[in-house]
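In: I would like to see how this sequence folds:
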Amino acid sequence: ALRDRIHAEVCDKGYDPERNTFTQSYGSRELDAALLQIPIVGFLPPDDPRVTGTITAVERELMTDGFVLRYPVAEDNPVDGLPGGEGAFLACSFWLAEARALTGRHHDAVQLFERLID
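Out: Numbers count the residues shown, from 1 in each chain. Next up is the predicted model:
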């Protein structure tokens, strides 16, 4: 019962329906590449529109030079106590490859995976 309540709360408070994406935290509009774990860990099925919308948002807002940033960090408002300007986080790029594969985007997943291992 508790798991179901937490699941419902995350889906309600951690999702931005206007942008069709989950967010970094409740009330935030920011993204976090950890959201790519949603279909990987089975929180929601890969074909759920909220999952595909989140993947699209991560690709649009967190990709730089073909790699995925963990999350955006402004110089004047760091979320983690570190100064802004952090580069891409390689693990997040692999999460994206896996999320793409799970959602049926096999060609895109393989393309990214091969680029990453190169």
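In: can you list contacts of the helix or strand of the chain with the lowest mean pLDDT?
Out: Least confident helix or strand of the chain, by mean pLDDT, DSSP states H and E, is strand 63-64 with a mean of 91. By Cβ atoms under 8 Å, 6 or more residues apart in numbering, the surrounding residues in contact with strand 63-64 are 69, 88, 96. Bear in mind the C-beta positions are built from the backbone N, C-alpha and C, glycine included.
In: Give me the mean pLDDT for stretch 52-61.
Out: For stretch 52-61, mean pLDDT rounds to 97.
In: mind showing which ranges of the protein have poor pLDDT?
Out: 73-87 (pLDDT under 70).
In: which residues in it form strands?
Out: Here the chain has its strands, by DSSP state E, at 15-16, 21-22, 63-64, 67-68.
In: Paired strands for the third one, with orientation please.
Out: For strand 63-64, the paired strands and their directions (DSSP bridges) are strand 67-68 (antiparallel).
In: ok now the partner strand, how far from the chain's centre?
Out: 11 Å (Cα atoms, centre = their mean, to the nearest Å).
In: Number the chain from 793, please
Out: All set: I'll call the first residue 793, so the last point we hit is now strand 859-860.
In: Would you mind writing the CA trace of stretch 817-837 as CSV?
Out: C-alpha atoms of stretch 817-837 as CSV (Å, rounded to 0.1, in the frame of the first residue of the first chain):
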residue,chain,number,x,y,z
SER,A,817,11.9,17.4,-7.8
TYR,A,818,8.4,18.3,-6.8
GLY,A,819,7.5,21.8,-8.0
SER,A,820,10.6,22.1,-10.2
ARG,A,821,10.6,22.5,-13.9
GLU,A,822,14.2,21.3,-14.2
LEU,A,823,15.2,17.9,-15.5
ASP,A,824,17.6,15.3,-14.1
ALA,A,825,19.0,12.5,-16.3
ALA,A,826,18.2,10.1,-13.5
LEU,A,827,14.7,10.3,-14.8
LEU,A,828,15.9,8.0,-17.6
GLN,A,829,15.9,5.3,-14.9
ILE,A,830,12.1,5.3,-14.7
PRO,A,831,11.6,2.6,-17.4
ILE,A,832,14.9,0.9,-16.6
VAL,A,833,13.8,0.1,-13.0
GLY,A,834,10.2,-0.6,-13.9
PHE,A,835,8.6,2.4,-12.2
LEU,A,836,6.5,2.9,-15.4
PRO,A,837,6.5,0.8,-18.6
